[in-house]
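Trainee: Predicted model, plus sequence, below.
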Amino acid sequence: MMRLHLHLLSDSTGETLENIAKAALAQYDDVETIRHFWPMVRTEAHLERILQEIAQNPGLVIFTLVNSTTRRTLEARCRALGLPAVAPLDSVNDALSGLLGQQAKARPGRQHALDAAYFARVDAIQFTMAHDDGIGWENWEEADIVLAGVSRSSKTPTSIYLANRGFKTANIPIVVESPPPDALYSLKHPLVVGLTTSADRLIQVRRNRLLSLNQVPETDYVNQEAVTREVAFARRMFADNGWPVIDVTRRSIEETAAAIIALVSERDDAA
């Protein structure tokens, strides 16, 4: 297995840079990546300390720095060390500059400005955290999305991811012995989406969960027959109510959320 030191330098929070690196690294197998994350790099002194670390742990340098002096210093030192330094947003900015006929504003973290979208996202996160696992069903009508599914079908992490995209999201577990509140069946604004998965995969996830809690993994919660019946019950409920269903068996949280957002867009376009 190859080992790679990856240095990520940003003059803001580094969220954009982390996502770019994560997407690129997903294309490679058998690589042990040692990440060195350097956010809020805005002074020469700070950069100098980082460059010492880079020299001690040479590898790939990826940066999003808008200050021209800081950039030139980083690029020059990386050339001297014989290390690649990549600015992944440069080609996008160059294309936009050519099409729009103007230069980009060299303002660190400008995409994180406290605009209406930012406050809407914060509101969505607060709503979602307060409506996890069936809590607060009385005001589900205020949600954008309601996720339904059996226990451990990725409802909560998917809800949080959607909230970070600005969608108020509630979720409800589907339990054979305890039907959900009637309010779930009369919602008008939120899009109700059923999350399902294979029984085998669900048993594996649940068994690992029980082991992490030092509990005995030999209950109906992980019994093959019981779990198969539970999954079938939830699928019938989804079908009976005409809710769209997403199988999360082989999907990441990001892929599941993207599919849900697409469903929301389709519904809104049709409205």
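Mentor: Thanks, I have the structure now.
Trainee: Could you break this structure into its assigned domains?
Mentor: 2-111, 116-270 (automatic domain parsing).
Trainee: Work out the gap between the last one and the centre of the chain.
Mentor: Same thing as domain 116-270. Its chain's C-alpha centre and that of domain 116-270 lie 15 Å apart, by C-alpha atoms, centre = their mean, to the nearest Å.
Trainee: looking at it, Pro58 is touching Cys78, isn't it?
Mentor: No: between Pro58 and Cys78 there is no contact under C-beta atoms under 8 Å: 9.5 Å. C-beta coordinates here come from the backbone N, C-alpha and C atoms, glycine included.
Trainee: Of the two, give the one with the bigger neighbour count.
Mentor: Set side by side, Pro58 and Cys78 show more neighbours around Cys78, with 21 against 13, by other C-beta atoms under 10 Å.
Trainee: so what's the more buried one up against?
Mentor: Residues counted as contacts of Cys78 (C-beta atoms under 8 Å, 6 or more residues apart in numbering) are Ile54, Val61, Pro84, Ala85.
Trainee: Buried among those? Make that a PyMOL selection.
Mentor: Typed into PyMOL, the line below selects the buried ones among these, using 16 or more other C-beta atoms under 10 Å:
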select buried, resi 54+61+85
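Trainee: Ile253: which of the contacts of Cys78 is nearest?
Mentor: Distance to Ile253 across these (C-beta to C-beta) is lowest for Val61, with 28.9 Å.
Trainee: where are the low-confidence patches of the stretch 101-250 of the chain?
Mentor: 104-116, 216-217 (pLDDT under 70).
Trainee: just the helices in it please.
Mentor: Per DSSP state H, counting those that start in this stretch, the stretch 101-250 of the chain carries helices over the ranges 116-129, 155-164, 199-212, 224-241.
Trainee: Count the residues that sit near Ser154.
Mentor: Ser154 has 22 nearby residues by other C-beta under 10 Å.
Trainee: sorry, back to before: of all the helices of the stretch 101-250 of the chain, which lies closest to Leu184?
Mentor: helix 224-241 (8.4 Å).
Trainee: Tell me which residues touch Lys168, please.
Mentor: Asp123, Ala124, Phe127, Thr128, His131, Glu142, Ala143, Asp144, Ile145.
Trainee: meant to ask about Leu17
Mentor: Contacts of Leu17 (C-beta under 8 Å, 6+ apart): Leu8, Leu9, Ser10, Ile62, Phe63, Thr64, Pro88.
Trainee: Is it within a helix or a strand, and which one?
Mentor: helix 15-25 (DSSP states H and E).
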